[in-house]
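Trainee: output the structure for:
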Amino acid sequence: MSLRTLIVLNILGALLLSIASMAAAYFFMHDQLIALFPNAAQAKAIETLQLLLIQYAAITAAASTVITGICFLVLSRYLIRPLQAMVRGIEAFADRSERIDLTEFAHAPKEVAELARVFNDFTIKVEDAHARDVEVSRMKSDFISTAAHQFRTPLTGIRWALEALEKETLTESQMALVTSAKDKSHQLVNIVGTLLDISAIESGKHKYTFAPVDIEALTHAVAKDFGELAERTKVSLFYVPPENPLPLARADAEQVKWILNNIIENAVRYTPPGGSVRVMLESGVDRVFVHVRDTGIGIKPEDRGNIFERFYRAENAVAKENGGNGLGLYIARTIATDHGGDLNFEPNKEGPGTTFTLSLPVVS
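Mentor: Numbers count the residues shown, from 1 in each chain. Have a look, this model is predicted:
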């Protein structure tokens with residue numbers, strides 16, 4: 001209910017109460033006149049009383065109308081308009097991060113002007129804090145990019161040296177050490193590549209090549225690539241084709257493939273032997289959806305708010321010792337939102353595990 005409506009209802013209530021009091025007074029005085037005046041004078045007295053009450057009612061209605069108009073003008077100028085300006089300022093700041101300076105409150109009540117001043121100070125502090133966060137984030141991204149570039153060259157050299165050493169004549173224990181070191185160097189090179197991807201994404205330098213993409217064919221191909229891993233870990237991997245043909249998505253095929261690789265691999269690796277992973281597709285209004293449902297270890301309620309944060313790994317995921325670095329889901333969701341889509345999850349309603357859902361816009 002608006003403030004104007006509340007004012008009108010209060011004035012109408014007061015007016016009705018006044019009319020009711022006049023009616024009560026009329027009936028009371030009517031009975032008194034009948035008792036005081038003889039029959040010949042009663043009619044004249046009652047008529048005079050009626051005229052007086054009608055005049056009083058007319059004066060009251062006119063006065064109420066004038067008072068209502070004055071209240072509207074005063075409240076509109078000094079209270080309602082300032083409050084409406086504040087509401088617009090709050091909405092602009094909340095929806096678009098646009099700060100509207102609320103300074104035109106010279107005639108507003110002291111409390112309203114003080115509220116506007118506090119809100120102005122609050123938005124300035126929020127903008128300053130956001131600017132500092134952006135600068136810190138930029139510096140961190142620059143540091144990560146520089147460090148990753150510096151690491152990449154020596155790590156690549158180490159990997160090549162270990163691969164060359166593998167071809168030499170070595171004892172069984174020496175070969176095991178070289179193979180282990182080579183695998184670790186591959187992991188380090190992959191981590192460096194991931195850090196460079198994060199730096200490019202956060203700095204806006206990550207380039208996408210958008211084109212019509214057959215998500216059904218792409219998802220089927222990625223799911224088939226994990227058949228060997230699923231068989232080795234004794235997990236049943238199912239690809240469920242859509243009931244109807246899907247529209248083409250507007251996407252960068254390589255980047256979407258990266259997302260699908262990440263969420264399907266996670267689903268297989270974090271599902272115990274004997275469990276299952278289902279990859280399903282469907283279409284919606286201007287969207288195509290890829291659902292990856294597993295019967296794995298799930299995500300604890302206390303971890304759900306942080307699962308897409310950088311370097312975050314849930315406690316039960318760390319316990320699996322799968323060698324993750326806590327960056328995959330962060331990058332995957334960032335890529336999805338850069339496409340105008342999203343990546344999200346929800347616990348399975350029936351049975352253990354989690355369902356991740358990737359949504360992408362279709363070609364318009």
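Trainee: check which element follows the one helix or strand residue 165 maps to along the chain.
Mentor: Residue 165 belongs to helix 110-166 when elements are defined using DSSP states H and E. Next helix or strand after helix 110-166 toward the C-terminus (DSSP H and E): helix 172-202.
Trainee: distance between the helix holding residue 165 and the chain's centre?
Mentor: What separates the centre of helix 110-166 from the centre of its chain is 21 Å, taken as Cα atoms, centre = their mean, to the nearest Å.
Trainee: between helix 172-202 and it, find me the angle.
Mentor: Put simply, helix 110-166 runs at 150 degrees to helix 172-202, going by axes from the mean of the first three to the mean of the last three Cα atoms, to 10 degrees.
Trainee: any idea of the mean pLDDT in helix 110-166?
Mentor: Across helix 110-166, the average pLDDT comes to 79.
Trainee: name the helices or strands packed onto that helix?
Mentor: helix 81-96, helix 172-202 (3 or more Cβ pairs under 8 Å, 6 or more residues apart in numbering; DSSP states H and E). From N, CA and C alone the C-beta is placed, and that goes for glycine too.
Trainee: just want the angle from that helix to helix 81-96.
Mentor: Helix 110-166 and helix 81-96 are oriented at 0 degrees to each other (the same axes, to 10 degrees).
Trainee: format the helices and strands packed on helix 110-166 as TSV; extra columns: mean pLDDT.
Mentor: Listed next are the helices and strands packed on helix 110-166 as TSV, based on pLDDT from 0 to 100:
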stretch	mean pLDDT
helix 81-96	76
helix 172-202	80
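Trainee: now these in CSV, with distance to residue 258 and mean neighbour count?
Mentor: Output for those, formatted as CSV (distance: least, Cβ to Cβ, whole Å; neighbours: other Cβ atoms under 10 Å):
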stretch, distance to residue 258, mean neighbour count
helix 81-96, 31, 14
helix 172-202, 9, 15
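Trainee: how close does the nearest residue to residue 225 once chain neighbours are set aside sit to residue 56?
Mentor: Among residues not flanking residue 225 along the chain, residue 261 sits closest, at 7.6 Å (Cβ to Cβ, 6 or more residues apart in numbering). Applying Cβ to Cβ, to the nearest Å, the value for residue 261 to residue 56 is 85 Å.
Trainee: quick revisit: export the helices and strands packed on helix 110-166 as JSON lines, with columns for distance to residue 219.
Mentor: What follows is the helices and strands packed on helix 110-166, written out as JSON lines (distance: least, Cβ to Cβ, whole Å):
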{"stretch": "helix 81-96", "distance to residue 219": "35"}
{"stretch": "helix 172-202", "distance to residue 219": "21"}
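Trainee: of all these, which one is nearest residue 303?
Mentor: Among those, helix 172-202 comes nearest to residue 303, with 20.8 Å by Cβ to Cβ.
Trainee: strand partners of whichever helix or strand comes after the closest one, parallel vs antiparallel please.
Mentor: Where DSSP H and E defines the elements, the next helix or strand beyond helix 172-202 is strand 211-213. Next to strand 211-213 in the sheet, as set by DSSP bridges, lie strand 249-251 (antiparallel).
Trainee: where does the protein have its least confident helix or strand?
Mentor: One helix or strand of the chain scores below all others by mean pLDDT, DSSP states H and E: helix 315-320, with a mean of 54.
Trainee: which outside residues touch the helix or strand just after that one?
Mentor: Using DSSP H and E, the helix or strand that follows helix 315-320 towards the C-terminus is helix 328-338. Residues from elsewhere that reach helix 328-338 (Cβ atoms under 8 Å, 6 or more residues apart in numbering): 194, 197-198, 201, 206, 208, 255-256, 258-259, 262-263, 266, 307-310, 312, 342-344, 358-360.
Trainee: let's go with 7 Å and repeat that
Mentor: Contact partners of helix 328-338, identified using Cβ atoms under 7 Å, 6 or more residues apart in numbering, comprise 194, 197-198, 201, 208, 255, 258-259, 262-263, 307-310, 342-343, 358.
Trainee: if any of these are buried, give me the ChimeraX selection for them.
Mentor: Buried residues within those, by 16 or more other Cβ atoms under 10 Å, are selected in ChimeraX with:
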select :194,197,198,201,255,258,259,262,263,307,308,343,358
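Trainee: keep only those of the contacts of helix 328-338 that are in helices.
Mentor: Mapping the contacts of helix 328-338 onto helices (DSSP state H) picks out 194, 197, 198, 201, 255, 258, 259, 262, 263.
Trainee: among those, find me the one that's closest to residue 156.
Mentor: Distances from residue 156 to the ones in helices among the contacts of helix 328-338, taken by Cβ to Cβ, are shortest for residue 194, at 15.2 Å.
Trainee: doesn't residue 258 make contact with that closest one?
Mentor: No: using Cβ atoms under 7 Å as the test, residue 194 is too far from residue 258 to be in contact (10.4 Å).
Trainee: not counting residues beside it along the chain, what's closest to residue 199?
Mentor: With Cβ to Cβ, 6+ apart as the criterion, residue 199 has its nearest non-adjacent residue at 3.7 Å, and that residue is residue 145.
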